[in-house]
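Peer 1: okay, predicted coordinates and the sequence, questions at the end:
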Amino acid sequence: MATLRVHLDDVPDTNAPLLIAPGSHRFGIVAEPDIDRVVQACGQFACLAEPGDVWAYATPILHASSAAAVPRRRRVLQVDYAAFDLPGGLEWLGI
């Protein structure tokens, strides 16, 4: 799977940017008790953005956001792509 995020608003470090653990998607499914260990092994990167920036990343990468230090809009258009059916009876709800 791959994800594209098109940023409609500015996302400086004070506006809750997406935080990722680079390369964590290579660990496969990470159990919750193992998240801290994987993040420590991979490090953490804040995905800052300006309006119009596009981020592309492997969807299973560990990611999170903190609360915004200065609350303001942080609109993104996110599109997820997959070349396979979802497991366990899940279905895409597509547009």
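Peer 2: Received it, and whenever you're ready, just let me know what you need.

Peer 1: average pLDDT for the host helix or strand of residue 35?
Peer 2: Assigned by DSSP states H and E, residue 35 falls within helix 35-42. For helix 35-42, mean pLDDT rounds to 96.

Peer 1: all numbers from here: first residue = 4
Peer 2: Got it, the first residue is 4 from now on, which makes the last one we talked about helix 38-45.

Peer 1: any idea what residue 80 is bridged to?
Peer 2: Applying DSSP bridges to residue 80 gives these bridge partners: residue 9.

Peer 1: could you verify my assumption that it touches residue 12?
Peer 2: No: using C-beta atoms under 8 Å, residue 80 makes no contact with residue 12, being 11.0 Å away. Bear in mind the C-beta positions are built from the backbone N, C-alpha and C, glycine included.

Peer 1: who's more crowded, those two?
Peer 2: Between residue 80 and residue 12, counted using other C-beta atoms under 10 Å, the more crowded position is residue 12 (13 against 10).

Peer 1: ok, that one - contacts?
Peer 2: 18, 54, 75, 76, 77, 78, 79 (C-beta atoms under 8 Å, 6 or more residues apart in numbering).
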